[in-house]
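Predicted structure and sequence below. I'll ask about it afterward.
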Amino acid sequence: MAAVYEHLVDEEELLALRELAATDVEETDSADRAMGADLMTLLRKVADLDGAGQALCPEELAWLQCLEEGTIRAEKEMASMAEDILRGAAVLDARPGEDQAAVVAELRRQAAQCGARAADARQVAAAARCLREKETRRMAAVEHVVDPSVMAFLARVAGEMDCYASSAVVPEEVAAAAGAAEVVEEEMVRLRLWLVMAAMDCAKRPGEAALVAPLRRQEGKAKAALAGVDSFRASMRRYQAAAGIAPPPEEEEGSDDDMMT
């Protein structure tokens, strides 16, 4: 086996491996323990999210996506490092007339550590992927992404403002509806963005292609909720203009459709 690796490992790489083997054992073990602890902390956080029994917010879903991608990269890097170390160790072990037993043993020990951390990273990535897919399936099956009573409230207040644009409308009710519209908009913009991204991601995965249509249907519900908010605000602007009420200054808004098409 060493003969197979001989031409793949040059003297510079072997020198680097000897230096690696000469690194203080406590230093290498400390770094290994720290990485292992960090990965287990991430694994527990994923388990806590899963065990909470609550729908995940868009930020948590984005975090799971980043965690999966990051730990997949870490797994590949650690596995590759373990392979490189073992390949060099095999070459050193076969060198005639060279007593490399201690160096080879230490290299193999460090390769085993790299392999263990690669396995840990793979476990974290799998847990993150499992929870993300579980939440994606849940979101695809949701029937109402917005409480219907909230949208009915907005529609009722909008209708009252349109019917009695020149008459007195209960200010407290209008203020409550405006606050509700703001909350709905904030939640639906984030949710719609996540649903669009989830549908695109599922379209790339053969086993999840069936989720694309349900996710797009739910994205349509979020879009409809945002349209309801826009309709309410249009009614409020007409009412304010008729009643001579100066509207509050608003930040320049971009089109949600422009961001998601």
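Sure, I can see it. Residues are numbered from 1 along each chain as shown.

and residue 231, what element?
Secondary structure assignment for residue 231, by DSSP states H and E: helix 212-243.

How about that helix, which residues are buried there?
212, 214-216, 218-219, 221-223, 225-226, 228-229, 232-233, 235-236, 239-240 (16 or more other CB atoms under 10 Å). The C-beta positions use only the backbone N, C-alpha and C, and glycine is treated the same way.

and the helix or strand harbouring residue 49, average pLDDT?
Using DSSP H and E, the element containing residue 49 is helix 25-51. Averaging pLDDT along helix 25-51 yields 96.

what about residue 30, distance to residue 20?
Relative to residue 20, residue 30 is positioned 15 Å away (CB to CB, to the nearest Å).

now residue 42
Look at residue 42 and residue 20: by CB to CB, they are 26 Å apart.

Mind checking which of those two has more residues around it?
residue 42 (20 against 16; other CB atoms under 10 Å).

So the more buried one sits against residue 67, correct?
Yes - between residue 42 and residue 67 there is a contact at 6.4 Å, judged by CB atoms under 8 Å.

Now do the shared contacts for the two.
Counting by CB atoms under 8 Å, 6 or more residues apart in numbering, the shared contacts of residue 42 and residue 67 are residue 124.

returning to what we had before: the helix holding residue 49 - contacts with which helices or strands?
Here helix 25-51 touches helix 58-93, helix 101-141, going by 3 or more CB pairs under 8 Å, 6 or more residues apart in numbering; DSSP states H and E.

Got phi/psi on residue 56?
Backbone dihedrals for residue 56, given as degrees, to the nearest 10, come out at phi -80, psi 140.

What ranges in the stretch 151-261 of the chain fall below the confidence cut-off?
Along the stretch 151-261 of the chain, the model assigns pLDDT under 70 to residues 164-169, 247-261.

let's see 80
164-170, 205-207, 242-261 (pLDDT under 80).

care to break this structure down by domain?
For the chain, the structural domains run 2-141, 148-260, going by automatic domain parsing.

counting contacts, what elements does the strand or helix carrying residue 179 pack onto?
Using DSSP H and E, residue 179 maps to helix 171-203. Using 3+ CB pairs under 8 Å, 6+ apart, the elements in contact with helix 171-203 are helix 58-93, helix 101-141, helix 148-163, helix 212-243, helix 256-260.

pretty sure residue 136 is in contact with residue 215, am I right?
Yes - with contact defined as CB under 8 Å, residue 136 reaches residue 215; the gap is 7.2 Å.

Identify the contacts common to these two.
Shared contacts of residue 136 and residue 215, defined by CB under 8 Å, 6+ apart, are found at 198, 202.

circling back to that earlier point, measure how the helix holding residue 179 sits relative to helix 212-243, angle-wise.
Relative orientation of helix 171-203 and helix 212-243, computed by axes from the mean of the first three to the mean of the last three CA atoms, to 10 degrees: 160 degrees.

And helix 171-203, what's buried?
For helix 171-203, a neighbour-count test (16+ other CB under 10 Å) marks 174, 177, 180-181, 184-185, 187-199, 201-202 as buried.

picking that back up, for the helices and strands packed on helix 25-51, give me JSON lines that also has mean pLDDT and mean neighbour count.
Shown next, in JSON lines, are these (pLDDT from 0 to 100; neighbours: other CB atoms under 10 Å):
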{"stretch": "helix 58-93", "mean pLDDT": "91", "mean neighbour count": "18"}
{"stretch": "helix 101-141", "mean pLDDT": "93", "mean neighbour count": "18"}
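
just how off-centre is stretch 193-213 within its chain?
How far stretch 193-213 lies from its chain's middle: 14 Å, per CA atoms, centre = their mean, to the nearest Å.

same question, stretch 206-222
Stretch 206-222 sits 18 Å away from the centroid of its parent chain (CA atoms, centre = their mean).
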